[in-house]
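A.B. asks: need coordinates for the following:
(one chain, ligands or ions: 2)
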Amino acid sequence: MRPNKQLLLTLMACCNYLISIAQTNSSAQKIRLNQVGFYPDAEKKAIVTSADTGKFYLQTSLGQSVFTGRLVLDTQPAFSGKQMAVANFTKFVTPGTYRIFIPLMGYSYPFNIKPSIHKSVADATIKAFYYQRASLPLAEKYAGKWHRAAGHPDNKVLIHASAANNKRPEGTIISSRRGWYDAGDYNKYIVNSGISTATLLLLYEDFPGYMNTVKLNIPESNNQLPDILDEVIWNLRWMLTMQDPNDGGVYHKLTNTKFDAMIMPDKAVKPRYVVQKGTAATLDFAAVTAQAARILKKFHHQLPGLADSCLKASLQAYSWALKNPNVIYDQDLMNKKFKPEITTGAYGDKYFADELIWAASELYVTTGKEEYLKTVIAGDDPKMLLPAWGNVKLLGYYSLIKKQPHTHPLLEIEARVLNFARDLSFNADKNAYQTVMGKSANNFNWGSNSNAANQGILLIKAYQLTHDKRYLNCALANLDYLLGRNGSGYSYITGYGSKSTMNPHHRPSTADGIVEPIPGLMAGGPNPGMQDGVKVPSIAPDEAYVDDDRAYAVNEVAINWNAPVAYLANAIEALQKDFGRR
Ligand SMILES: [Ca+2]
Ligand SMILES: [Ca+2]
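C.D. replies: Numbers count the residues shown, from 1 in each chain. Ligands and ions are numbered 1, 2, ... in the order given. Here you go, the predicted model:
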């Protein structure tokens, strides 16, 4: 029998495909793109790590070319000095699975073009918080192969000497259950919980319609509340236990004396303490509980009394902070005065003007009382910084610019936020990866990926205020950055992308004996500081990353980093239809 020509061609295409797969790994390293994929109607770019100006091809899995374009050199070289080129295939809009092919270089990783392309990763970045839950066994039904025993009941937590008073002397036992583990460790810190919880609440407040549809397969998925709020409430109820009911002050953290070894949560059974109250923790708590009171109020049937309890707690905390405006959490000083010594994360902050503005902003938006707005205005300064655990002013501004009616001075604050977004996005397409992230080498500090995500939130805010698509495109480009269009070529979100972080500094992911890390976690990202002593392969700021579980300065995970990427990925999904609008 003579072979059929069509069959022969198909067989040859399949052979070529298999050979190309074998070649993909080395070539794919050189073609940096969002490894998850693209929306049909949105911008689509890959960055090639060579000064190539030849043709590139978009090919199907059978090697058929469906789009041809020409590489264009970037305006600026990368931080490493390397000249890069961009493959822009925005004009190709047909859904499917594709790879980029560049002659003499090879193939990119495969990716998809389709609607809702980030739905799965967006869900996973919130589900990651479920995996961080303390005081709860993670059932296989919800956690899949990462199911585990409960850790840290936290029903017998000791008042540390630094936190003692007449009503709660040293050694008093309190219950402080629930909450999320902060990061790669098992402690719970109010300052960092504050910004994380607030960012997820902001996501809900900005996109309630979309977030009402997001089902996360968590134990509360069948109740009458949106799952993101169920997840937030797991931490919020813990936060409420961190307030001393006798005076309204809030303990800085709930912690072991020192970090655990890389063991599972149920094996980590050392005594836990709540330590010294502080102004930062108390104001952050006041801000989050005021915000939660406002958002949870409409769910009073499902959550009887919770919104009222939150507002009451907020007012008590705020009042404590006004009486104690400058109580610094200085761990070294504390250890000189009190035993046992505490050596876990300090989250020490010395400047509380931003925390005061944040708390007053949330209380103003929730209660409408002018006294809070006066405090915001009185404490304001023109300096704008992206949100971080120690710089929270912008979180307050985000809430203020949603408040109606929108008159002076809120208009002025809105203009300030917009100017900040405009400055940030100016010339973003002129750097090597054509993203807002990476315009400056200063972006690459500890937790740099959270800068990319927090820039994304600001850009989304600017888009919502102006409907200027440039901001939306820049926000999407930062998500592209986090999923592979970047200096290291990694997708930094576990479980998503062909080459994603596999070895995060995260105790359960290291100790559970399962190869794949818990999904939906974002690594801290490039940081040339090497504070952990683990060598990174390059000290070019955007390349200074290593996927090593000892490298906590680049590869730890943290709730305050996952929350902004959860905001960014979900906001982009919620707004995806806008990419097609002219
Ligand atoms: Ca639910
Ligand atoms: Ca501060």
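A.B. asks: show me what contacts Gln455?
C.D. replies: When contacts are counted by C-beta atoms under 8 Å, 6 or more residues apart in numbering, Gln455 is found next to Leu386, Leu424, Val436, Met437, Asn478. Any C-beta I mention is one placed from the backbone N, CA and C, and that applies to glycine too.
A.B. asks: given the helix or strand where Tyr57 lies, what are its sheet partners and their directions?
C.D. replies: Per DSSP states H and E: Tyr57 is located in strand 55-60. Here strand 55-60 has these sheet partners by DSSP bridges: strand 65-70 (antiparallel), strand 96-102 (antiparallel).
A.B. asks: I'd like the contacts of Gln455 as a markdown table, with neighbour count appended.
C.D. replies: Listed next are the contacts of Gln455 as a markdown table, based on neighbours: other C-beta atoms under 10 Å:
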| residue | neighbour count |
| --- | --- |
| Leu386 | 18 |
| Leu424 | 20 |
| Val436 | 28 |
| Met437 | 30 |
| Asn478 | 31 |
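A.B. asks: now, among those, which is nearest to Val365?
C.D. replies: Lowest distance from Val365 to the contacts of Gln455 (C-beta to C-beta) belongs to Leu386, with 20.7 Å.
A.B. asks: residues near the nearest residue to the closest one once chain neighbours are set aside, how many?
C.D. replies: Leaving aside its sequence neighbours, Leu386 sits nearest to Asn454 (C-beta to C-beta, 6 or more residues apart in numbering; 4.5 Å). Counted with other C-beta atoms under 10 Å, the neighbours of Asn454 add up to 28.
A.B. asks: wait, doesn't Asn454 sit right on Pro387?
C.D. replies: Yes - under the criterion of C-beta atoms under 8 Å, Asn454 makes contact with Pro387 at 5.3 Å.
A.B. asks: surely Lys45 touches Ala87?
C.D. replies: Yes - with contact defined as C-beta under 8 Å, Lys45 counts as touching Ala87 (6.8 Å).
A.B. asks: neighbour count: those two, which is higher?
C.D. replies: Using other C-beta under 10 Å as the criterion, Lys45 and Ala87 rank with Ala87 on top: 24 against 20.
A.B. asks: what about that one, which helix or strand?
C.D. replies: Judged by DSSP H and E, Ala87 forms part of strand 85-88.
A.B. asks: from the chain's centroid, how far away is that strand?
C.D. replies: Here the centre of strand 85-88 is set off from its chain's centre by 28 Å, with C-alpha atoms, centre = their mean, to the nearest Å.
A.B. asks: let's have the chain start at 2 instead
C.D. replies: With 2 as the first residue, the last one maps to strand 86-89.
A.B. asks: strands paired with that strand, and their directions?
C.D. replies: Partners of strand 86-89 in its sheet, by DSSP bridges: strand 46-49 (antiparallel), strand 73-74 (antiparallel).
A.B. asks: mind giving me TSV with the ones you listed and columns for mean pLDDT and distance to Ser362?
C.D. replies: Listed next are those as TSV, based on pLDDT from 0 to 100; distance: least, C-beta to C-beta, whole Å:
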stretch	mean pLDDT	distance to Ser362
strand 46-49	98	37
strand 73-74	98	44
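A.B. asks: ligand 1: which of these is closest?
C.D. replies: With distances scored as C-beta to the ion, the stretch of the strands paired with strand 86-89 nearest to ligand 1 is strand 46-49 (37.0 Å).
A.B. asks: export that closest one as PDB, just CAs?
C.D. replies: Provided in PDB are the C-alpha atoms of strand 46-49 (Å, rounded to 0.1, in the frame of the first residue of the first chain):
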ATOM      1  CA  LYS A  46       4.000  40.700  23.400                       C
ATOM      2  CA  ALA A  47       7.000  38.500  23.900                       C
ATOM      3  CA  ILE A  48      10.500  39.800  24.700                       C
ATOM      4  CA  VAL A  49      13.400  38.100  23.000                       C
END
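A.B. asks: ligand 2 contacts on the stretch 252-401 of the chain?
C.D. replies: Residues of the stretch 252-401 of the chain lying near ligand 2 by C-beta under 5 Å from the ion: Asp350, Tyr352, Asp355, Gly391.
A.B. asks: contacts only, for the last one.
C.D. replies: It stands for Gly391. By C-beta under 8 Å, 6+ apart, the contact set of Gly391 is Val192, Ala281, Tyr348, Asp350, Tyr352, Asp355.
A.B. asks: likewise for the third one?
C.D. replies: With contacts defined as C-beta under 8 Å, 6+ apart, the neighbours of Asp355 are Gly391, Asn392, Val393, Lys394, Gly397.
A.B. asks: which helix or which strand is home to it?
C.D. replies: Asp355 belongs to helix 354-368 when assigned by DSSP H and E.
A.B. asks: and Leu202, that one's in a helix?
C.D. replies: Yes - counting by DSSP: H, G, I helix; E, B strand; the rest coil, Leu202 is part of a helix.
A.B. asks: average pLDDT for the strand holding Ala88?
C.D. replies: Mean pLDDT, strand 86-89: 98.
A.B. asks: now swap in stretch 398-416 and tell me
C.D. replies: pLDDT averaged over stretch 398-416 gives 93.
A.B. asks: which parts of that stretch count as buried, going by neighbours?
C.D. replies: Tyr398, Tyr399, Ser400, Leu401, Ile402, Lys403, Lys404, Leu411, Ile414, Glu415 (16 or more other C-beta atoms under 10 Å).
A.B. asks: quick check: end-to-end length of that stretch?
C.D. replies: This stretch, stretch 398-416, spans 11 Å end to end (C-alpha to C-alpha, to the nearest Å).
A.B. asks: number of residues surrounding Asp469?
C.D. replies: Asp469: 15 surrounding residues under other C-beta under 10 Å.
A.B. asks: quick check: phi and psi at the residue lying closest to it once chain neighbours are set aside.
C.D. replies: Closest residue to Asp469 apart from its sequence neighbours, by C-beta to C-beta, 6+ apart: Ala463 at 7.2 Å. Torsion angles at Ala463 (phi, psi; degrees, to the nearest 10) stand at phi -60, psi -40.
A.B. asks: show the pLDDT at Ala463.
C.D. replies: 98.
A.B. asks: nearest to ligand 1: which residue in the stretch 302-451 of the chain?
C.D. replies: Gln303 (9.1 Å).
A.B. asks: and the contacts of the strand holding Ala88?
C.D. replies: 32, 44-49, 51-54, 57, 70, 72-75, 101, 103, 435.
A.B. asks: before we move on, the earlier item: any idea which element the residue nearest to Leu387 lies in?
C.D. replies: Here Asn455, judged by DSSP H and E, is contained in helix 449-467.
A.B. asks: up against ligand 1, what does this protein have?
C.D. replies: Glu221, Asn224, Leu226, Asp228, Asp231.
A.B. asks: distance check, the residue lying closest to Trp447 once chain neighbours are set aside against Glu544.
C.D. replies: Distance criterion C-beta to C-beta, 6+ apart; nearest residue to Trp447, sequence neighbours excluded, is Asn528 at 5.1 Å. According to C-beta to C-beta, to the nearest Å, Asn528 stands 11 Å off from Glu544.
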